[in-house]
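[1] this one's structure only:
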C-alpha cells in the first residue's frame, strides 16, 4: 500500500511538471522555456528573471519593459512585459504576470508572447 501511495504522489508531481505548472510559488522559468512551451503557459501566471534592455513608460496607461535572460528559443530572446511599476534599463529584475499569446494592438504592434500586468521585484 505504501508503494502505491508513493507512485501516485510521483505521478501527480510529474503531471504538474508536464503541464508547465510551477512546483513552488517562487520558481522562475526562462524566456527560452516560455517560447518553447508557450501554449502550456497561455493564461497562466509565470515568473521570469532577466535584465531590462528597453523601457517605455506610460504608453496606453502602462509601462512597457523588455527583458532578456541570456536564453533563446529559435532566435527569440526578448520578452515584452507590461506593468504599472517602474524600472530602468540595466536593472536585473524578476517579473510575475499573466502570459497572453498573439496580442495584436494594431498599427503594426503584434506580440507573439506578452507578459501582462506584471509585478516587478528588483534584485
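    On my side now, so go ahead. From a predicted model like this one, the values you see are computed outputs, not experimental measurements.
[2] Heading C-terminal from the worst-scoring helix or strand of the chain on mean pLDDT, find the next helix or strand.
    Within the chain, no helix or strand scores below helix 2-18, which has a mean of 54 by mean pLDDT, DSSP states H and E. Next in sequence after helix 2-18, counting helices and strands by DSSP states H and E, comes helix 31-36.
[3] gap between that following helix and the chain center?
    8 Å (Cα atoms, centre = their mean, to the nearest Å).
[4] Give me the contacts around it.
    If you take Cβ atoms under 8 Å, 6 or more residues apart in numbering as the criterion, helix 31-36 is touched by 41, 46, 48, 50, 67-69, 71-74, 76-79, 99, 112-113. Any C-beta I mention is one placed from the backbone N, CA and C, and that applies to glycine too.
[5] so residue 121 sits right up against residue 93, yeah?
    Yes: counting by Cβ atoms under 8 Å, a contact exists between residue 121 and residue 93, whose distance comes to 6.5 Å.
[6] So which bits of the helix or strand hosting residue 53 are buried?
    With elements taken from DSSP H and E, the one containing residue 53 is strand 45-59. Buried residues in strand 45-59, defined by neighbour count with 16 or more other Cβ atoms under 10 Å: 46-50, 52, 55.
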